[in-house]
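A.B. asks: Return a 3D structure for these sequence lines:
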Amino acid sequence: MAIPGVVLALLATALSVDIGRQVLQKRSDQSVADAAALDAARVPADAQALAEASARRNGFDPLASGHSLVAQRGTVDAQRIFTPAAAGNAVLVTISSHIGYIFTPGDKTLTARAVAIMAGGKEGGFTLGTSLASVDTSKSALLNAVLGRMMGGSGVTADIVGWQGLVNSHITLEALRQELELLDAGVQFGTVDQLLASDITMAKLAQASANALTKQGDSNAALFLGPAGIIAKSTNTATFRLGDMIKVAEGSGASALATEFDVFGLITGGAMLANGTNAVSVPNIGITIPNVANVSLSLKVIEVPKTYTGPDVTVKAGPHVTTGQIELTLTPTLNVPISVAGLDGTTVTGALPVQVTAAGATADLTSITCPNPNGGERVTVDLKPVSSSVSAPLTVTASVLGYPITYNATTAGAGAVDAPPAAVDFSYPSEFYPTAAPKRVGASPLALGTMTTFTSTATLGTLPVIPVLLQGTVNATLATATPLVAPAVSLALPGVLNNLSTLVMKPLLDTLGVSIGAADVTALKANLLATCGAPVHPALVG
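C.D. replies: Got it, this is the predicted structure:
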């Protein structure tokens, strides 16, 4: 029995020696990979050569038998996931080595990987999406109807003063972080990435915002309170992530926490994220439009306004922000008078659904100049196409010599608008938030009637009983007037659609921070102040 015991002990010792050698070589390989990634990140375009040179300096020959080293250039997102990209600022180094066992049969290939980026240095920030300067009566009514449904309630009852107060109220991301932590005992967001990736509800965002405003002594916190306040109306229990509307580049967490956000934008953005891609329907928006009896709407916001903070595209490849995808249907019930020679009291009636689809916009922070004493940043915006379509049966009523005449009409229309990319410059500090208003890129406002081309038809309906003596006169009048009805319908509709644009579509989307055919860009002051002059250095991120 002693001999088998000795044999087992020897085998165990041999196995532990081989495992120990693996651990030591794995640790050595990882140190080589870390150093190679850090060196290669300084000039990502020469990543392979720099990584190989670094490895040789640290005793690892990439060309030796059983060895390999591959350096890839790419980007790293907020979750530290590496994606290969030709113009990225990150480098992934993967090395492998072969180790043979001494006391046990076999061998093994060991692999180590490391990801590094250039961190620090000047950073900027901007928000892409409409930023309201004021909330008037029509915008307040639209907000109460649409935002309330997105939050899960039947509607918010805030007045103009209340909404305007939130437009003028600001909290930092750090203040929001602290209040979210207090609402969840034991929850700590150690990094900005953890904060942005955490699941929250609309009610929690509203409560944290209200608490932050209260601690700042801001009386606008009252809008959140009471049975008709935002917190009580936030019954939508769907979770979302702040990271879906706030984009922070890897290594830019410190400056992001100092960034100020207007509370209005946080709440509207949160409501849209909580609602997801569900369509919000309002059967009657309650806004008076000439020659329109009623307007209903259906709105689906696919992507909300976004804020970016981090370096410019010379350091981190873009696009940094993509936003503003919407599907909107506005359905006015028409009662539009038109003029047709020979016909009296001619009126177009019926529902006219207008579908508007916008692919949004992308934006990059293309350059940053540190204040010394002046500076600023440039943001390049690429507006995506906007399309409109209309198709509906309509009714045209009129009279000839007092006898009622009816036409069964149809109308169809379509249009599209696109614009080339445009750059917008911001001078520091006069044109930065919260001192200055945002700058707009693109058309303002987009006129649906102008962009849509209509084609209409009109078919004469059944005529009433007309005395024989008048039939000749009526028939002659109709023979002349009927060909004029369809063109008159097409001529009248652009005015209705332009009124929809001005009185409904633009105020609605402005309140939600979503633009179509245009985009508002706001430069953020805190980022530029916090990071200019900071040293640039490589850092491991994976």
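A.B. asks: wouldn't Gly310 be in contact with Glu123 here?
C.D. replies: Yes. The criterion here is Cβ atoms under 8 Å, and Gly310 meets it with Glu123 at 5.5 Å. Any C-beta I mention is one placed from the backbone N, CA and C, and that applies to glycine too.
A.B. asks: if I look at the two, which residues touch both of them?
C.D. replies: Among the neighbours of Gly310, those also in contact with Glu123 (Cβ atoms under 8 Å, 6 or more residues apart in numbering) are Ala249, Ser252.
A.B. asks: Who has more neighbours out of those two?
C.D. replies: Using other Cβ atoms under 10 Å as the criterion, Gly310 and Glu123 rank with Glu123 on top: 29 against 22.
A.B. asks: how near is the more buried one to Ser252?
C.D. replies: Glu123 sits 5 Å away from Ser252, going by Cβ to Cβ, to the nearest Å.
A.B. asks: before we move on, what about Asn220?
C.D. replies: Going from Asn220 to Ser252 by Cβ to Cβ gives 29 Å.
A.B. asks: Between the two, tell me which one has more neighbours.
C.D. replies: Under the criterion of other Cβ under 10 Å, the comparison of Asn220 against Ser252 puts Ser252 first, with 27 against 22.
A.B. asks: quick one: contacts for Pro385?
C.D. replies: Ala358, Ala359, Ala416, Val417, Asp418.
A.B. asks: With adjacent residues omitted, what lies nearest to His170?
C.D. replies: Nearest non-adjacent residue to His170, counting by Cβ to Cβ, 6 or more residues apart in numbering: Glu260, 4.5 Å away.
A.B. asks: one step back: hmm, which of the contacts of Pro385 is lowest in pLDDT?
C.D. replies: Of all these, Ala359 has the smallest pLDDT value, namely 71.
A.B. asks: and Leu147, what are its phi and psi?
C.D. replies: Dihedral pair for Leu147: phi -60, psi -40, per degrees, to the nearest 10.
A.B. asks: Surely it is in contact with Gly270?
C.D. replies: No. Assessed by Cβ under 8 Å, Leu147 is found out of contact with Gly270, at 10.1 Å.
A.B. asks: Comparing the two, which residue is more hemmed in?
C.D. replies: More crowded of Leu147 and Gly270, by other Cβ under 10 Å: Gly270, with 28 against 24.
A.B. asks: and that one, what helix or strand is that in?
C.D. replies: Assessed by DSSP states H and E, Gly270 sits inside helix 263-275.
A.B. asks: Quick one: residues in contact with the stretch of helix or strand Lys300 belongs to.
C.D. replies: Taking DSSP H and E as the definition, Lys300 sits inside strand 292-301. Here strand 292-301 makes contact (Cβ under 8 Å, 6+ apart) with 146, 272, 275, 277-285, 287, 289, 325-336, 496, 499-500, 504, 508, 512, 514.
A.B. asks: hang on, Phe454 packs against Ala412?
C.D. replies: Yes. With contact defined as Cβ under 8 Å, Phe454 and Ala412 form a contacting pair (7.2 Å).
A.B. asks: more crowded one of those two?
C.D. replies: Taking other Cβ under 10 Å, Phe454 and Ala412 do not tie; Phe454 has more neighbours (20 against 15).
A.B. asks: To which secondary structure element type does the more buried one belong?
C.D. replies: Three-state call for Phe454 (DSSP: H, G, I helix; E, B strand; the rest coil): strand.
A.B. asks: contacting residues for it?
C.D. replies: Neighbouring residues of Phe454 by Cβ under 8 Å, 6+ apart: Val390, Thr411, Ala412, Gly413, Val489, Ser490, Leu493, Pro494.
A.B. asks: List only buried entries from those.
C.D. replies: Among these, the ones that count as buried by 16 or more other Cβ atoms under 10 Å are Val390, Thr411, Gly413, Val489, Ser490, Leu493, Pro494.
A.B. asks: Cross those against strands and list the overlap.
C.D. replies: Using DSSP state E, the members of the buried ones among the contacts of Phe454 that fall within strands are Val390, Thr411, Gly413.
A.B. asks: Kindly state the beta-bridge partners for the first one.
C.D. replies: What that stands for is Val390. Val354, Gly413 (DSSP bridges).
A.B. asks: got the residue ranges for the helices in the stretch 1-150 of the chain?
C.D. replies: In the stretch 1-150 of the chain, helices defined by DSSP state H, counting those that start in this stretch lie at 2-41, 47-57, 137-151, listed in chain order.
A.B. asks: Might one say that Ile200 is in contact with Leu242?
C.D. replies: Yes. Counting by Cβ under 8 Å, Ile200 touches Leu242, with 7.0 Å between them.
A.B. asks: what residues are up against Gly74?
C.D. replies: So Gly74 contacts Phe82, Thr83, Pro84, Ala85, Gly88, Ala90, Val91, Leu92 (Cβ under 8 Å, 6+ apart).
A.B. asks: Oops, could you answer that again for Ser427 instead?
C.D. replies: Neighbouring residues of Ser427 by Cβ under 8 Å, 6+ apart: Asn374, Gly375, Gly376.
A.B. asks: cool, Thr333 as well?
C.D. replies: Thr333 makes contacts with Val292, Ala293, Asn294, Val295, Thr349, Gly350, Ala351, as judged by Cβ under 8 Å, 6+ apart.
A.B. asks: how near is Pro353 to Val485?
C.D. replies: From Pro353 to Val485 the distance is 21 Å (Cβ to Cβ).
A.B. asks: can you check Gln30 too?
C.D. replies: Applying Cβ to Cβ to Gln30 and Val485 gives a distance of 80 Å.
A.B. asks: Surely Tyr407 is within a strand?
C.D. replies: Yes. Assignment of Tyr407 by three-state DSSP places it within a strand.
A.B. asks: Let me know the pLDDT of it.
C.D. replies: At Tyr407, the pLDDT recorded in the model is 96.
A.B. asks: How about the one 4 residues further on?
C.D. replies: Taken from the predicted model, the pLDDT recorded for Thr411 is 94.
A.B. asks: need the contact list for it.
C.D. replies: Residues in contact with Thr411 (Cβ under 8 Å, 6+ apart) are Leu352, Val390, Ser391, Ala392, Leu394, Phe454, Thr455, Ser456, Thr457, Val489, Ser490, Leu493.
A.B. asks: how about a cut-off of 7 Å?
C.D. replies: If a contact means Cβ atoms under 7 Å, 6 or more residues apart in numbering, then Thr411 has Val390, Ala392, Leu394, Phe454, Ser456, Val489, Ser490, Leu493 as its contacts.
A.B. asks: Not counting its neighbours along the chain, what's nearest the second one?
C.D. replies: Computed as Cβ to Cβ, 6+ apart, the closest residue to Ala392 that is not its neighbour in sequence is Leu352, at 5.0 Å.
A.B. asks: Now do that neighbour against Ile117, distance only.
C.D. replies: 53 Å.
A.B. asks: Ok, Pro337 next?
C.D. replies: Separation of Pro337 from Ile117 (Cβ to Cβ): 65 Å.
A.B. asks: do Ile368 as well
C.D. replies: Distance of Ile368 to Ile117, computed by Cβ to Cβ: 17 Å.
A.B. asks: Cool, thanks, signing off.
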